[in-house]
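Visitor: curious how this folds, go ahead:
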Amino acid sequence: MTTPVPSGTQLLTDVLRHSGCDAATATGLMHGYRDEFLAADWPRNHVQAAIAVERGRQDAHGRPNHRDTLPDRDRAQAQELQRRMRILNAAPQTRTWQTVLLEAVYDAMATTDPARQRDKLVKVAAHAVAWTEAIDRRHKRTP
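Guide: Sure, this is the predicted structure:
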């Protein structure tokens with residue numbers, strides 16, 4: 001099922017609503033920055049606004065507090081899966097957004113140092129945003 005692309009105004013309204021802005025601040029931001037926000041670096045801002053809305057939905061169900069690392073046995077499997085994705089990504093004919101993202105995910109899963117893991121998760125998020133932007137460009141999705 002494809003999620004419809006909301007208008008720029010609806011997206012920014014949702015972001016502000018989920019961010020906890022009071023009504024007066026949200027109204028001022030809507031009128032003052034909507035066009036600049038969405039036009040400045042579209043589709044990046046549009047994708048990031050959609051992510052903010054999704055994070056708001058996730059937090060509405062309570063903030064999860066999962067462990068950051070896998071047991072050693074599972075971490076070894078993540079390392080092996082990362083190695084396999086790296087092999088696929090080395091050849092342009094087998095490299096896809098899926099393999100690029102999965103290599104980054106498995107790399108983050110195989111890491112135990114919190115600072116390094118955070119850096120790797122930022123990379124995962126950036127790959128996911130880039131893939132989403134690529135989909136929007138190919139399908140000419142606009143707000």
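
Visitor: what's next to the helix ranked longest in the chain, contact-wise?
Guide: The longest helix of the chain (DSSP state H) is helix 114-138. Outside helix 114-138, the residues that touch it by Cβ atoms under 8 Å, 6 or more residues apart in numbering are 43-44, 46-48, 50-51, 68-69, 97, 100-101, 104-105, 107-108, 111, 141. To be clear about C-beta, it is placed using only N, CA and C from the backbone, and glycine gets the same treatment.

Visitor: also stretch 104-113?
Guide: Identification of contacts with stretch 104-113 by Cβ under 8 Å, 6+ apart yields 69-70, 75, 78-79, 81-82, 85, 117, 120-121, 123-124, 127.

Visitor: could you count how many residues lie near R118?
Guide: 13 (other Cβ atoms under 10 Å).

Visitor: any idea how far it is from A108?
Guide: From R118 over to A108 the distance is 9 Å, taken as Cβ to Cβ, to the nearest Å.

Visitor: what residues does L88 make contact with?
Guide: By Cβ under 8 Å, 6+ apart, the residues touching L88 are T94, R95, T96, T99.
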